[in-house]
Every structure is written in C-alpha cells, then in structure tokens.
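*Asks:* Pasting a predicted model and its sequence here:
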Amino acid sequence: MRAVMYHYVRDETTRPPDYYYLDVEDFRQQLDYFRAEFGFVTKADFRNALLGNTAAEGFPSGVLLTFDDGFRDHYDFVFPELKRRGLWGIFYVPTGPYMRDEMLDVHRTHALLGEVPGVVLLDHVLDVVDEAQIPHARRDEYREQTYERQDDTEATKHVKRILNYFISDQHQSAVLDELIARIGGGGLLDPEALYMTPAELREMHESGMVIGGHTVTHPVLSKLNKTKQRNQVVGSLKYLDSVVGGLSELTFCYPYGHSHTFDAHTVSILDDVGCEWSFKVEATDITEHDCDERPQALPRYDCTQFPHGAASGSIGPSC
C-alpha cells in the first residue's frame, strides 16, 4: 500500500501563486496509471489495516490519495475528478486562513517566488534577514535534509530554507511583509482566492472525503515547544470538527513532513487527542509494521515520483 501526496493541482497558471503545479490533465493520467498498475485502496480496507483487521483478506495493496494545504484547486479540480471515478481522498487543511483571514507564510513565499527569480529574491532575503533572526541550533540539519528532491535552483532552495526553516517564527511574518513591500505580489495574497471555503470543506466531507488536520499556521513543529505544538494540533482539529459538523476520522499530517519536522512531543500530543493516523514524507510503501508500530508516522510518496507527476508552471523568469 502506498500513499501519494499532492499540493497544487490546476489547469491554468493565471490563478495565484505563479508557482509549480501539477496540470489537471497530468493528474487524470496519473490516476489512470495508478488504477492500471496498482489499483486504489478503499477507505474500509485502509481503516482495517490500521486496526489490524486484515487476517482474512490480507494486508491491502494499492494507492491512497492525499492532498495538502486546503487549496481551492482541490475543490475545483480534484474533488470532481475523484467523484467521477468513485474514489476517495484525504485532504489535510491548515486552519489559519479561516481563523485569521490571512495567507499562510509558506504560500506567501510561493507568491514571491512567482514574482521574481530565485536569485533575485535571495538577494532581498539576505538583505532583509538579520543574522540574529536565525537560530543556529539546527541550521546544519535543516540545510542537509530539506528540499533534496525538489527540482529547484540552489538559490530558490536557499530562499525556502531561510524563510521556512532557519528564521525564527517570531520574525517570519514581518520579514515576509518587508519582502512583499519591496517586490510586490500583494495583489496575489487573497486567502479567498487560494483556499477552499468552510462550506466547500463541509460538502467534501459529506461526500465521503476525509478532512484532516495540518496545524493552524503550517510551522515546522519541531521548532516549537510542546505547548505551542499542542495549540497548533488541537486548534486545527477543533476548528475543522466544528466546520464539517463532526470529523468522521481524526487524522493529521506534518507541515513540510520529513522526520526532522516533528518530534516525540508531536507524536505524544497526537496520541493524547485520539488521532488515528498521521503522515510524514518518506518514499516508501506503508507496511503492516507501520500500521502497528508507527501509525503517527506513516510514509508518503510525492506525486512527482511517479509517471505523469512532473510539475508544470514556473517560479519566475530565468529561475
């Protein structure tokens, strides 16, 4: 059994941000490929695997579809395609855009990268970010373990490492405000244009899709103390539960996703609140051992690791 992760899925580049995305036609072709090569895991079979109830029928094989960040793309393009095919998916939604009516900082970074080449943005970042704003404790670890698989320029990777990982959370938003004031892109920063509405989340939930937590503000959880991590996890799940009229499953995925982005505190919190399973990013299949021993760290592949998963779009000219 293998889980596959998606982010932007769309049929045009005019909707913001002007950033890498999977064309919806490629998405359809990838679903065709998955059906022919592996098949899809039903919700019932997946839940039985988590509960260890697979003795008679055996551990399931096939593909499990997951979608991160609550993008309007998922309602406009993904949801209709899944319904047409009789498939289900898990949609992991950060709740800050609803609770605060703001774009997430990670997506403001995408918007900036869509405005100017990575090398240009890096010059601005290095000019704006003060060394005192960057804690040193895990800089080397984050430098070595982030964005290894992404097909970006080194300048773009460096920008994302600084803005998403290196800089302390207390300075992140102010730095992005300054960069947007310098570069522009403010017209792109409309949460209503980028994210699904609460009504759309409810409709998807009522149609059999699973809605899961993805924190409030999409931070690197391992940078936060246990109290702040709990606020991020509980706040997101509580809001989603109220929006959809009661979550049918409690599930979560870690922002950015790799093993260094969460810690033992995170897992303990998820266990405490009754979360049934959580996803990280790791290019391996889900095994019986995973379901039995580490349900809060199930692995997921990126869609780019399979045929028809190559990204379209740009992140700025000459980037």
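*Replies:* Here it is on my side, so go on.
*Asks:* Spit out the contact partners of the residue lying closest to residue 72 once chain neighbours are set aside.
*Replies:* Spatial nearest neighbour of residue 72, chain neighbours left out: residue 196 (5.5 Å); criterion: C-beta to C-beta, 6 or more residues apart in numbering. The way it works is simple: take the backbone N, C-alpha and C, and place the C-beta from them, glycine included. Neighbouring residues of residue 196 by C-beta atoms under 8 Å, 6 or more residues apart in numbering: 70, 71, 72, 74, 75, 93, 204.
*Asks:* closest to residue 307 among those residues?
*Replies:* residue 74 (21.6 Å; C-beta to C-beta).
*Asks:* Next, count neighbours for the closest one.
*Replies:* For residue 74, the neighbour count with other C-beta atoms under 10 Å is 27.
*Asks:* Now that it has come up, it's in contact with residue 10, right?
*Replies:* No: using C-beta atoms under 8 Å, residue 74 is not in contact with residue 10; the gap is 9.8 Å.
*Asks:* Which of the contacts of residue 196 are buried? Put it as a ChimeraX command.
*Replies:* Command for ChimeraX, covering only those of those found buried under the criterion 16 or more other C-beta atoms under 10 Å:
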select :70,71,72,74,75,93,204
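*Asks:* Mind checking which of the contacts of residue 196 are in helices?
*Replies:* Counting by DSSP state H, the contacts of residue 196 place 72, 204 in helices.
*Asks:* Show me which positions of stretch 40-51 end up buried.
*Replies:* 40, 41, 43, 45, 46, 48, 49, 50.
*Asks:* just stretch 23-37 next, same as before
*Replies:* 23, 24, 26, 27, 28, 30, 31, 34.
*Asks:* what does stretch 297-314 rub up against?
*Replies:* Contacts of stretch 297-314 (C-beta under 8 Å, 6+ apart): 2-6, 8, 13, 18-23, 26-27, 29-30, 33-34, 66, 114, 149, 151, 253, 257, 259, 267, 277-286, 290-291.
*Asks:* how far is it from where the chain is centred?
*Replies:* Offset of stretch 297-314 from its chain centre (C-alpha atoms, centre = their mean, to the nearest Å): 12 Å.
*Asks:* Restrict that stretch to CA atoms and write it as PDB.
*Replies:* Output in PDB follows, covering the C-alpha atoms of stretch 297-314 (Å, rounded to 0.1, in the frame of the first residue of the first chain):
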ATOM      1  CA  ALA A 297       4.400   8.400  11.100                       C
ATOM      2  CA  LEU A 298       3.000   6.700   8.000                       C
ATOM      3  CA  PRO A 299       5.100   7.300   4.900                       C
ATOM      4  CA  ARG A 300       4.000   9.200   1.800                       C
ATOM      5  CA  TYR A 301       5.500   9.500  -1.700                       C
ATOM      6  CA  ASP A 302       5.400  12.800  -3.600                       C
ATOM      7  CA  CYS A 303       3.300  12.600  -6.800                       C
ATOM      8  CA  THR A 304       6.400  13.700  -8.800                       C
ATOM      9  CA  GLN A 305       8.000  10.300  -8.100                       C
ATOM     10  CA  PHE A 306       5.500   8.500 -10.500                       C
ATOM     11  CA  PRO A 307       4.800   8.800 -14.200                       C
ATOM     12  CA  HIS A 308       2.700  11.900 -15.200                       C
ATOM     13  CA  GLY A 309       3.700  13.700 -12.000                       C
ATOM     14  CA  ALA A 310       6.100  16.200 -13.400                       C
ATOM     15  CA  ALA A 311       5.400  19.800 -12.400                       C
ATOM     16  CA  SER A 312       4.200  22.500 -14.800                       C
ATOM     17  CA  GLY A 313       4.300  26.200 -14.400                       C
ATOM     18  CA  SER A 314       7.200  28.500 -13.300                       C
END
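*Asks:* Buried residues in that stretch, which are they?
*Replies:* 297-304, 306, 308-309, 311, 313-314.
*Asks:* so which pair among those residues is furthest apart in space?
*Replies:* 297 and 314 (33.7 Å).
*Asks:* show me what contacts residue 15?
*Replies:* Counting by C-beta under 8 Å, 6+ apart, residue 15 has contacts 72, 73, 193, 194.
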